[in-house]
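> could you look at this predicted model? Sequence included:
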Amino acid sequence: MSLEERILQELKAEVAARADRRRRARTARRLFAGAAAAGLAAAAAIAVPLLTGTERPAYALSRNPDGSIRVQIIEFRDPDRLEADLARHGVRADVTYLEPGTGCANALDGGGPAPEDKERLSADPEEWIVRPGDDDGHVVLIDPRDLKPGWTVVLRFGADPGSDRAMLGWTVVDGPAPECDVVRVPEPASGT
């Protein structure tokens, strides 16, 4: 083998080695970029729901054409947020969610409007400030037009022990709502 052939062979080997090193470097960069992209995608999958609040809403609040507000409870959570949303619609409210089998020791007397308006509103149920909506214990209608300044709508939502049926206690009080002292409620005796 001549000197020229040996130099040409070494030169080809060097070119092939460089090409192999570049190919490995490109592969490593691609793997690194792929791993980084996968890591960013995983972080986004966790962070986006936390930042954008894509969690299922706890309630739906809408204004009806007659001016009343329809509140549908989907899950018993976020009472403070519901109170804030109602306040934006002109309703001062106190919302409490009760665990099944519990109630307030200072129970709201059957629900209803403020004592001084019970007779007037009983005679004309269409004027009720708060009333059950639809045929579902998870829906309530509130008419803010009949609320006087300083009145608070008090809503107590709970679940009937042993069923999915919702229970609702409500009233309207002049001033701040009374605290709900949560107590265990004895289950009614079953008639056999």
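Structure's in. What do you need?
> contacts and neighbour counts: CA atoms only from here.
Fine.
> just give me the neighbour total for residue 1.
Residue 1 is surrounded by 5 other residues when neighbours are defined as other C-alpha atoms under 10 Å.
> mind listing what the nearest residue to residue 90 once chain neighbours are set aside touches?
Using C-alpha to C-alpha, 6 or more residues apart in numbering and skipping residues adjacent in sequence, the residue nearest residue 90 is residue 144, 6.6 Å away. Taking C-alpha atoms under 8 Å, 6 or more residues apart in numbering as the criterion, residue 144 is in contact with 67, 68, 69, 90, 91, 129.
> and residue 144, how close does it get to residue 59?
From residue 144 over to residue 59 the distance is 19 Å, taken as C-alpha to C-alpha, to the nearest Å.
> what do you get for residue 18?
Residue 18 sits 65 Å away from residue 59 when distances are taken as C-alpha to C-alpha.
> what does residue 22 give?
Distance of residue 22 to residue 59, computed by C-alpha to C-alpha: 58 Å.
> confirm residue 24 sits in a strand?
No: if the criterion is DSSP: H, G, I helix; E, B strand; the rest coil, then residue 24 is helix and not within a strand.
> any figure for the gap between it and residue 143?
72 Å.
> ditto for residue 96
When residue 96 is compared with residue 143 (using C-alpha to C-alpha), they lie 19 Å apart.
> for residue 66, same thing?
Residue 66 sits 9 Å away from residue 143, taking C-alpha to C-alpha as the criterion.
> pick out whichever of these two has more residues nearby.
With other C-alpha under 10 Å as the criterion, residue 66 and residue 143 differ in neighbour count, and residue 143 comes out ahead with 21 against 7.
> next one: the closest residue to the more buried one other than its chain neighbours from residue 140, what distance?
By the measure of C-alpha to C-alpha, 6+ apart, the closest residue to residue 143 outside its immediate chain neighbours is residue 68, 4.3 Å from it. Noted for residue 68: a distance of 10 Å to residue 140, by C-alpha to C-alpha.
> more neighbours, these two?
Just comparing residue 68 and residue 140: by other C-alpha under 10 Å the higher neighbour count belongs to residue 140, 21 against 18.
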